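> Here is the input, now give the coordinates:
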Amino acid sequence: MKRSIYIILLFSLQTLIIPEFLHAQEAYYSQYYNSPTYYNPAQTGLNQGLNIRVGYRNQWPQFTNDLKTYNFSMDIAERFMPGAGGLGIIFNTNKEGEGLIKRTMMGALGSVRIKINKYWVSQVGFMAAYVQKKIDDEDFIWSDGEKQKRIWHLKKISPTKYEGRADDVVGVAKGEVSGNAFHWEYTLAVKVNDSVYKFSFDDWMYLMDDQVLINKAEMSKFGLTVGEINIVFIKRKLSLGLILH
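This is a model prediction of the structure:
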């Protein structure tokens, strides 16, 4: 009876707390068993001995500017300390396009084993990581070989209004915050061969929650829409995992 109560409480904890930290499978590591500690830190030290995993993935190699992913993780089981499960480290990095969009993560892994009875042992894991996502501010290299550079310089002029300048922006960009939305308007000088064309940008950014930002921009000329850009930005949380063994 007591064992059943423990099991029910454990699954209740997993159901009520863990979903806050869970994420759907992502494009970077779609094969769970090749990077188990990345998806579930409770796998740290699950198997005794030293475990080292090195991964490389080249997605869409038929395209010139494909997505490359590099992953390294190492963990070791520690059974000599009471309640200890394992310790580990993890490092991964992604290069999208010609290295323009970069994502790098370095983290420490840990797990604790909790003995329920002689038949059941639970293992709770955690991962504390530093994640850096950036767009290289050197050159944008497009598929046709064209190169561009744009570095924004922003200035807050009131509690809700901003100004921005960049080398290929005509004049000053104007932005205003309203609730969870940020409206950004500017004129962009686009060079095509030996000619320069000016396009108006109507840019909206919506902060859906503390993790998701949606960006929608329309490009127009003489009042007519000639292009549209849609981007979704997702911020990661601290990972927490739970596994029964």
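
> and Gly86, what does it touch?
Residues in contact with Gly86 (Cβ atoms under 8 Å, 6 or more residues apart in numbering) are Thr44, Gly45, Leu46, Asp75, Ile76, Ala77, Glu78, Leu109, Gly110, Ser111. For the C-beta atoms, the positions are set from N, CA and C on the backbone; glycine is no exception.

> Put the buried members of these into a PyMOL selection.
Buried residues among the contacts of Gly86 (16 or more other Cβ atoms under 10 Å), as a PyMOL selection:
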select buried, resi 44+45+46+75+77+78+109+110+111
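
> Least confident of the contacts of Gly86?
Among the contacts of Gly86, Glu78 carries the lowest pLDDT, at 75.

> In space, what's closest to that one - neighbours in sequence excluded?
In space, and not counting its chain neighbours, Glu78 is closest to Ala84: 4.3 Å by Cβ to Cβ, 6 or more residues apart in numbering.

> Which one of the contacts of Gly86 is nearest to Val232?
Ranked by distance to Val232 (Cβ to Cβ), the contacts of Gly86 are led by Leu109 at 28.3 Å.

> Pairing-wise in the sheet, spell out the partners of the residue nearest to Glu78.
Counting by DSSP bridges, Ala84 forms beta bridges with Val112.

> how many neighbours does it have?
15 (other Cβ atoms under 10 Å).

> Equivalent analysis for Lys68, please.
A count of nearby residues for Lys68, using other Cβ under 10 Å, gives 16.

> quick revisit: just send the contacts of Gly86 back as TSV, with secondary structure and distance to Lys198 too.
Listed next are these as TSV, based on DSSP: H, G, I helix; E, B strand; the rest coil; distance: Cβ to Cβ, whole Å:
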residue	secondary structure	distance to Lys198
Thr44	coil	55
Gly45	coil	60
Leu46	coil	59
Asp75	strand	55
Ile76	strand	60
Ala77	strand	63
Glu78	coil	63
Leu109	strand	52
Gly110	strand	55
Ser111	strand	57
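
> Just name the closest of the contacts of Gly86 to Asp168, please.
Once Cβ to Cβ is applied, the member of those that ends up nearest Asp168 is Leu109, at 43.8 Å.

> show me where the chain has helices.
For the chain, the helices defined by DSSP state H occupy 2-16, 36-39.

> looking at those, which has the lowest confidence?
Looking at the helices of the chain, the bottom one is helix 2-16 with a mean of 55.

> So the protein: which segments form each domain?
2-138, 150-233 (automatic domain parsing).

> from those, which stretch is densest packed?
domain 2-138 (a mean of 15; mean count of other Cβ atoms under 10 Å).

> sorry, back to before: TSV please, covering the contacts of Gly86 and showing distance to Lys147.
Formatted as TSV, the contacts of Gly86 follow (distance: Cβ to Cβ, whole Å):
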residue	distance to Lys147
Thr44	44
Gly45	48
Leu46	48
Asp75	42
Ile76	46
Ala77	50
Glu78	51
Leu109	40
Gly110	45
Ser111	47
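
> hang on, the earlier thing: quick one, what contacts the residue nearest to Glu78?
Residues near Ala84 by Cβ under 8 Å, 6+ apart: Gly45, Glu78, Val112, Arg113.

> Excluding chain neighbours, what is closest to the first one?
Spatial nearest neighbour of Gly45, excluding adjacent residues (Cβ to Cβ, 6+ apart): Gly86 at 1.3 Å.
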